[in-house]
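Trainee: need a 3D model of the following:
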Amino acid sequence: MRLWLFVLLLNLSFQCSVAQVKRIESQFRIARLKYAGGGDWYNDPSAEVNLLTFAKQHAGIDTDPKYEFVEISNDNFYSYPFIFMTGHGNIVFSDYEVQRLRTYLENGGFLYADDDYGMDKAFRREIKKVFPEFNLVELPFTYGLYSCFYTFPNGVPKTHEHNNKPPQGFGIFYKGRLVVFYTYESNPSDGWADPEVHKDPPEKREEALKFGTNILIWSLTQ
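Mentor: Okay, here's the model as predicted:
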């Protein structure tokens, strides 16, 4: 009798655990891009979780606030609507990854890259392999991403100071759709991280989270 009761309770516990982790496929999620080359693609894992939580609370987006990462070569790469990449160093895409990333972007995917100081040269080199016929173009302050939910009249906000340069937002367009958005000298994703990570003031973190919400909304509504 005791053995039967133990097995029953174990089975119920397992079923509850499965129910808790079951994915709701319609929920919006972000995947952090794991790339080769030596750059720290993995830094600040709390960033996406906090952004997705903020967007759910303040913009009503049905998100799944979890940290997930993916490699371009993974089978489930195409299942994510939004890919985020950041880091301080080198990036290398293989020929196979270049082809898969282009296919992803041409077919509705979105890539947001945030230079966390030091990845600019490598990112520009590698993204040129993906779209050799297109250039990263600076987006005007009037571009819709800057006002689609929260208003940023001066474009990308400045979250962290790097080289005392103005913040910039660049994009690559495919058939009129923004498929790659790249922020430089601004680093909003640092503002998404937990407060104790970078010790940014609350108003800076809120500004960065609002800007990130605009990026999510723009990627969904194009």
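Trainee: ok, which stretches of the chain are helices?
Mentor: Assigned by DSSP state H, the helices in the chain fall at 2-21, 46-59, 95-106, 120-130, 188-192, 195-198, 202-221.
Trainee: which one of the ones you listed lies closest to residue 168?
Mentor: Across these, residue 168 has its closest neighbour in helix 120-130 (10.3 Å, Cβ to Cβ). For the C-beta atoms, the positions are set from N, CA and C on the backbone; glycine is no exception.
Trainee: okay, and the beta partners of the most centrally placed residue in the chain?
Mentor: With distances taken as Cα atoms, centre = their mean, residue 84 lies nearest the centre of the chain, 2.8 Å away. The partner list for residue 84 in beta bridges (DSSP bridges) reads residue 32, residue 112.
Trainee: in contact with it, which residues?
Mentor: 30-33, 48, 111-114, 189 (Cβ atoms under 8 Å, 6 or more residues apart in numbering).
Trainee: my read is that residue 183 contacts residue 111, right?
Mentor: No - using Cβ atoms under 8 Å, residue 183 is not in contact with residue 111, being 12.0 Å away.
Trainee: between the two, which one's more packed in?
Mentor: Between residue 183 and residue 111, counted using other Cβ atoms under 10 Å, the more crowded position is residue 183 (24 against 21).
Trainee: dump the residue contacts of the more buried one.
Mentor: Shown in contact with residue 183 (Cβ under 8 Å, 6+ apart): 112-115, 156, 167-170.
Trainee: distance to residue 205 added to these, as CSV?
Mentor: Listed next are the contacts of residue 183 as CSV, based on distance: Cβ to Cβ, whole Å:
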residue, distance to residue 205
112, 18
113, 21
114, 15
115, 19
156, 16
167, 16
168, 21
169, 19
170, 24
